[in-house]
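**Student:** kindly return the folded structure for what I paste below:
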Amino acid sequence: MALDIERVHRTFSTLVERRMPWESLWRDTARYYMPTSMHWMTGGGNRQAIHRGHQVFDDTPSWAANRFASAMLGMVMNPAQKWLEFELYTEHTKLSMAGRIWLTQLRDYVLSILQAPDVGFYDAYHEHLLDYGIFGEACMLIDKNPETGLPRFTPFPLEQTYIGMGAKRTPDTVFRKYEMTAQDIQDFFAANGEKLPDCVQGKLDAKQYAQKFAVIHGVFPRKHGIAFGFADKKPWASVYYLEATKEVLRESGFDFFPFSCPRFMLFASEDHGQGPGTMTLSNVKTMNAIIKTNMRADQRAAAPPYLAQRRGWIKQLNFTPDHINYYDGFDMDKALIPIGNDGKPQAGREWVQMYQDQIKRAFYLDRLMAQEKKAEVKEVEVLTNEDERMRDLVPQLSRLHSESISTVILNLVHYCMEDMPEPPPELAAQGIKLRYLSPLARAQRLLEVSNANRVLQQSIIPLGQINPDALKTVDMYKMTNWILDQSSFPSEVRVSEEEFQAQKAAEQQKVELAQGLQAAQGAAQVAKDFSTAQKNAPNAMGGFM
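**Tutor:** Just a heads-up that it's a prediction; the model follows:
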């Protein structure tokens, strides 16, 4: 079915209308949290004429947002840890060691792609989390870089992005409106053979390469789409077109939804998210007003205005230190009277400190930032602190996982499967499920291992020394494998159950063979001794006779 561009544009216009009530809130939030950003400052007007940051008197909001993004990135996707695991949808299916090794290789390959310098995932995701914390929602495109063949992550400015929800109130439609010059359109689209619209080609022919055009990129579900089919038949349609003329620049598609669109917090019946930045906007405005007032009070105290007589001064007053001003008249005590410098701004500074603390708590920095390290911290205390951090962020982390992390990994697995070896037969027809290891889950698993080891060392082994039957209650092979699974031990160096049983049978056979050989040698020695005794028996008798 041919693409109905008019219908596509109506969908875009609907999303623009639905987002309009939020724009004033986001613009005010950006003014204080992103004072030097090029976006949200003028509402699409002349960006070069605006003086950015002139209304901001404290950098605590932008600092808190940056620390929040860094802490969240380190907590959910720590580059120093293997925070990702894969498992099958069918939990009852028992994987062979070859299947485990293949899933481990896929995990390691995905993590290596995320850490590749050419991909720049962690830098892009940090930018992604900045919008996520400040505005309560963000948008990032996940596609393939045609130049390197590697996955590419592109955070979209929220000002340019319009997000639509599906039937399950999850993002499934994204439109982006931005400007491109005629030269950029030619470089981006004509390189693949697309025919340029006449309006663009006319500007190129007239050498007006810098002429700008409003371009709209829309990604939305396509009915009756076919996964892994032709580009214009895939489940998610991707179309670029000019806003003014509705002329299509490119039509293609994606096998999976290619956008990460997390929302921090949702109110009932609302589609757009709320973040710590939007929820603390009143505190930020009040804090800036107090700081501005305090600065003016301090300035009046250092250089106060003066009340002077209309007549009497010979020249204009000069307030340079050690300068002499000459006065022609009497009543010197009343000649110059400072005014307006008797304020006490100390109370205002206490209010500023209170608002700064509230902003930090709104971004969970009292939980996310590392506290002062004590000389000795017990393992239970570490787990308790981690549990409290995760409990405070359970709704946010759950939504971040479903709307962002899962989407990122799903698209990455799709791209990485092209370079992976063929999976074992048991995995070929199975679906692979993502298992995200949160810091709390990882700590709980390690604590279970520690508890099991403590029970084994302090209870079972001492009882086994009294009664050997106590040691038979624990299968040491299963115990060892459970510990290795909980610790995410590499599968490549582990022994499968079949190999373990074969080694055990071979060792048992060696023992039985050695016992048989020893028994045979003993029997031979007995026979030899008996034969020797028989030979010596007559001589002994003769000697007796």
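
**Student:** mind listing what the spatially most central residue of the chain touches?
**Tutor:** For the chain, Leu73 is the residue whose C-alpha lies nearest the centre (CA atoms, centre = their mean; 4.5 Å). By CB atoms under 8 Å, 6 or more residues apart in numbering, the residues touching Leu73 are Tyr122, Tyr125, His126, Leu129. Bear in mind the C-beta positions are built from the backbone N, C-alpha and C, glycine included.

**Student:** and of those, the nearest to Tyr477?
**Tutor:** Tyr477 lies nearest to Tyr122 out of those, by CB to CB, at 39.6 Å.

**Student:** who's in contact with that closest one?
**Tutor:** Leu73, Met77, Pro79, Leu114, Gln115.

**Student:** okay, and which of the residues you listed map to helices?
**Tutor:** Residues of the contacts of Tyr122 located in helices (DSSP state H): Leu73, Leu114.

**Student:** looking at the contacts of Tyr122, spot the one nearest Leu249.
**Tutor:** When those are compared against Leu249 (criterion: CB to CB), the nearest one is Leu114, at 31.0 Å.

**Student:** which among the contacts of Tyr122 end up buried?
**Tutor:** Buried members of the contacts of Tyr122, counted by 16 or more other CB atoms under 10 Å: Leu73, Met77, Leu114.

**Student:** just the strands in this structure please.
**Tutor:** Per DSSP state E, the chain carries strands over the ranges 84-88, 140-144, 151-155, 161-165, 171-181, 212-221, 236-242, 248-254, 259-260, 306-308, 336-338, 432-436.

**Student:** what pairs with the first one, parallel or antiparallel?
**Tutor:** It stands for strand 84-88. Here strand 84-88 has these sheet partners by DSSP bridges: strand 432-436 (antiparallel).

**Student:** quick check: mean pLDDT across the strand it pairs with?
**Tutor:** For strand 432-436, mean pLDDT is 69.

**Student:** give me the pLDDT value at Gly74.
**Tutor:** Looking at Gly74, its pLDDT reads 85.

**Student:** so which bits of stretch 252-269 are buried?
**Tutor:** 253-255, 257-266.

**Student:** typed the wrong thing, it's stretch 450-459
**Tutor:** Residues of stretch 450-459 classed as buried: Ala452 (neighbour count, 16+ other CB under 10 Å).

**Student:** and the contacts of it?
**Tutor:** For stretch 450-459, with CB under 8 Å, 6+ apart as the criterion, the contacting residues are Glu379, Val474, Met479, Trp482, Ile483.

**Student:** ok, how many other residues are close to the closest residue in space to Lys285 that isn't next to it in sequence?
**Tutor:** Spatial nearest neighbour of Lys285, excluding adjacent residues (CB to CB, 6 or more residues apart in numbering): Tyr32 at 7.2 Å. Neighbours of Tyr32 under the rule other CB atoms under 10 Å: 25.

**Student:** contacting residues for Tyr32?
**Tutor:** Going by CB under 8 Å, 6+ apart, Tyr32 touches Gln55, Val56, Pro61, Ser62, Leu281, Val284, Lys285, Asn288.

**Student:** show me which of these is closest to Ser24.
**Tutor:** The closest of the contacts of Tyr32, once distances to Ser24 are taken by CB to CB, is Leu281, at 10.9 Å.

**Student:** right, and that closest one touches Thr29 too?
**Tutor:** Yes - counting by CB atoms under 8 Å, Leu281 does reach Thr29; the two are 5.5 Å apart.

**Student:** so for those two, which sits in the more crowded spot?
**Tutor:** Neighbours per residue (other CB under 10 Å) separate Leu281 from Thr29, with Thr29 holding more: 23 against 18.

**Student:** would you confirm that that one contacts Pro276?
**Tutor:** No - counting by CB under 8 Å, Pro276 is not a contact partner of Thr29; they are 10.1 Å apart.

**Student:** please enumerate the shared neighbours of the two.
**Tutor:** Ile134.

**Student:** show me what Leu242 is bridged to.
**Tutor:** Under the criterion used (DSSP bridges), Leu242 bridges to Val215.

**Student:** Leu196 is in contact with that one, correct?
**Tutor:** No - the criterion here is CB under 8 Å, and Leu242 misses it with Leu196 at 10.1 Å.

**Student:** overlap in contacts, the two.
**Tutor:** Common neighbours of Leu242 and Leu196 (CB under 8 Å, 6+ apart) are Leu249.

**Student:** tell me the pLDDT at Asn411?
**Tutor:** 89.

**Student:** check His51 too.
**Tutor:** 58.

**Student:** do the same with Ala514
**Tutor:** On the pLDDT scale, Ala514 is placed at 76.

**Student:** that one - how many residues pack around it?
**Tutor:** Neighbours of Ala514 (other CB under 10 Å): 10.

**Student:** do the one 5 residues further on as well
**Tutor:** Ala519 is surrounded by 10 other residues when neighbours are defined as other CB under 10 Å.

**Student:** could you dump stretch 275-292 to CSV, C-alpha only?
**Tutor:** Extracted in CSV, the C-alpha atoms of stretch 275-292 (Å, rounded to 0.1, in the frame of the first residue of the first chain):
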residue,chain,number,x,y,z
GLY,A,275,11.1,14.8,36.1
PRO,A,276,13.0,16.2,39.1
GLY,A,277,13.7,19.3,37.0
THR,A,278,10.1,20.2,36.3
MET,A,279,8.9,19.3,39.8
THR,A,280,11.5,21.6,41.4
LEU,A,281,11.0,24.5,39.1
SER,A,282,9.3,26.6,41.8
ASN,A,283,12.2,26.0,44.2
VAL,A,284,14.7,27.0,41.5
LYS,A,285,12.9,30.2,40.7
THR,A,286,12.5,31.2,44.4
MET,A,287,16.2,30.4,45.0
ASN,A,288,17.3,32.6,42.1
ALA,A,289,15.2,35.5,43.3
ILE,A,290,16.6,35.2,46.8
ILE,A,291,20.2,35.1,45.5
LYS,A,292,19.6,38.1,43.3
